[in-house]
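# Provided below are the primary sequence and the corresponding predicted coordinates.
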Amino acid sequence: MKSSELRAKDEAQLTKELEDLLKAQFSLRMQKATQQLTNTSQLRKVRRDIARVRTLLGEKAVAK
């Protein structure tokens, strides 16, 4: 996910996106633990997307 796409969203949408990403991360972690995850690079992508969303939420909070 690109940061330009995220910047177009408001705080409520970013919060919803963060919840979805955290659920996806949990699911991927469980798949990895049970040896069902074949593409381990997904974990890194989701983790970085979470960081992007959290950064933007912090920027929007400071801007208020």
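Okay, I see it. Numbering: from 1, shown residues only.

# ranges for the strands of this structure?
When assigned using DSSP state E, the chain turns out to have no strands.

# low pLDDT regions in it?
Residues of the chain meeting the criterion pLDDT under 70: none.

# residue closest to the middle of it?
Ile50 (2.8 Å; C-alpha atoms, centre = their mean).

# grab the nearest non-local neighbour of that residue.
With C-beta to C-beta, 6 or more residues apart in numbering as the measure, Leu21 is the residue that lies nearest to Ile50, at 4.9 Å, once sequence neighbours are left out. Using the backbone N, CA and C atoms, a C-beta is placed for each residue, glycine as well.

# roughly how far does that neighbour sit from Val46?
From Leu21 over to Val46 the distance is 6 Å, taken as C-beta to C-beta, to the nearest Å.

# which stretches of the protein form helices?
Read by DSSP state H, the chain holds these helices, from start to end of the chain: 3-7, 11-33, 41-63.

# let me see the contact set for the residue nearest to Ile50.
When contacts are counted by C-beta atoms under 8 Å, 6 or more residues apart in numbering, Leu21 is found next to 46, 49-50, 53.

# which of these tops the neighbour count?
When the contacts of Leu21 are compared by neighbour count (other C-beta atoms under 10 Å), Val53 ends up highest, at 24 neighbours.

# wait, doesn't that residue sit right on Leu14?
Yes - with contact defined as C-beta atoms under 8 Å, Val53 counts as touching Leu14 (5.6 Å).

# list residues touching both of these two?
Leu6.

# could you check how far Glu17 is from Thr34?
Here the distance between Glu17 and Thr34 works out to 26 Å (C-beta to C-beta).

# these two: who's more crowded?
Here Glu17 and Thr34 are set side by side on neighbour count (other C-beta under 10 Å), and the busier one is Glu17, at 20 against 8.
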